[in-house]
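> what's the 3D shape of this:
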Amino acid sequence: MKHILATTALSLLTATAATAGTLGYGLTISGSSSVGANFNVPKLSLSNTGDTGEITAFSITVGDTDYNFDYFSGALTPPAGGTVSITLGDQTNGGVRYDEVALAFTDFGPGEMSSFFLDIDSDSANTVESFREVLFDNGPALNSVVSVSFSTGDILSMVLPDSQTQLTTYSFGQSKIVDAAVPLPASIPLLLAGLGALGVVRSRRRS
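Numbering: from 1, shown residues only. Model prediction:
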């Protein structure tokens, strides 16, 4: 009986072992190719491209510190059924300026997306700057660093690469294979408890 109980318990626990999953995000940065709308206020769209885990936070540095993020322009678009909030940054034009901005999310699951606009200016002045020449494609200056945090505790970070083209939309992304915990079915603890009780009864009968 002990052998049967041990074998059954091991089989049930093995059935609930972790399985491989993928964490991932995609980021597109889009704007005008000439001076005008979204030339220095590009739209950033963040998507959860993995099949496990929720995105919990996002941050981006300006890269070239001769410039800054003046403010988040307009309303932030949250993921479906979730929320988005600013943890570092401003929504006031000409307000506090930052070399890094950050957002926090809830319920940002696989397949969902959030978007927002960021105004890019030179330090301490409202100027019209090309987003691509500040975030990347900026000569010897540093490029922007993007960091995305997940509910699993994992963080994916990357330095935006130079593009050397005058596109209006740029796409970036990363992914990582992780162990994704499989939820324990509610019936299994009850079954294990029943098997344990059966073992106790069996032992008492022998004694």
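> does Thr22 touch Gly173 like I think?
No - using CB atoms under 8 Å, Thr22 is not in contact with Gly173; the gap is 11.8 Å. Where C-beta positions appear, they are placed from N, C-alpha and C, glycine not excepted.
> so what's the residue count around Ser32?
When counting by other CB atoms under 10 Å, one arrives at 15 neighbours for Ser32.
> where's it relative to Thr61, distance?
23 Å (CB to CB, to the nearest Å).
> and for Phe69?
Applying CB to CB to Phe69 and Thr61 gives a distance of 9 Å.
> give me the common contacts of those two.
Common contact partners of Phe69 and Thr61 (CB atoms under 8 Å, 6 or more residues apart in numbering): 99-100.
> residues touching the spatially most central residue of the chain, list them.
Note on the chain: the residue nearest the mean C-alpha position is Ile55, at 3.4 Å, using CA atoms, centre = their mean. Counting by CB under 8 Å, 6+ apart, Ile55 touches 25, 46, 48, 79, 105, 108, 148-151.
> just the ones of those residues in helices?
Secondary-structure check on these using DSSP state H: no residue lies within helices.
> among those, who's most crowded?
Counting by other CB under 10 Å, top hit in the contacts of Ile55: Phe108 with 30 neighbours.
> name the nearest residue to Thr77, ignoring sequence neighbours.
Ser115 (4.5 Å; CB to CB, 6 or more residues apart in numbering).
> burial count for the one you found?
Around Ser115 there are 18 residues (other CB under 10 Å).
> in the host helix or strand of it, what's buried?
Element membership of Ser115, judged by DSSP states H and E, is strand 113-122. For strand 113-122, the neighbour count (16 or more other CB atoms under 10 Å) marks 113-122 as buried.
> could I get these as TSV with distance to Ala37 and pLDDT?
Shown next, in TSV, are those (distance: CB to CB, whole Å; pLDDT from 0 to 100):
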residue	distance to Ala37	pLDDT
Met113	21	98
Ser114	21	98
Ser115	15	98
Phe116	16	97
Phe117	10	97
Leu118	14	97
Asp119	12	96
Ile120	14	96
Asp121	16	96
Ser122	19	95
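> farthest-apart pair in those residues, please.
Met113 and Ser122 (30.4 Å; CB to CB).
> which stretches in this protein count as strands?
Secondary structure of the chain (DSSP state E): strands located at 19-30, 43-48, 55-61, 67-77, 83-88, 100-106, 113-122, 145-150, 155-159, 169-180.
> per-residue confidence averaged over the fifth one?
Spelled out, it's strand 83-88. For strand 83-88, mean pLDDT is 98.
> same check, this time on the second one
Average pLDDT, strand 43-48: 98.
> against which helices or strands is that strand packed?
strand 19-30, strand 55-61, strand 113-122 (3 or more CB pairs under 8 Å, 6 or more residues apart in numbering; DSSP states H and E).
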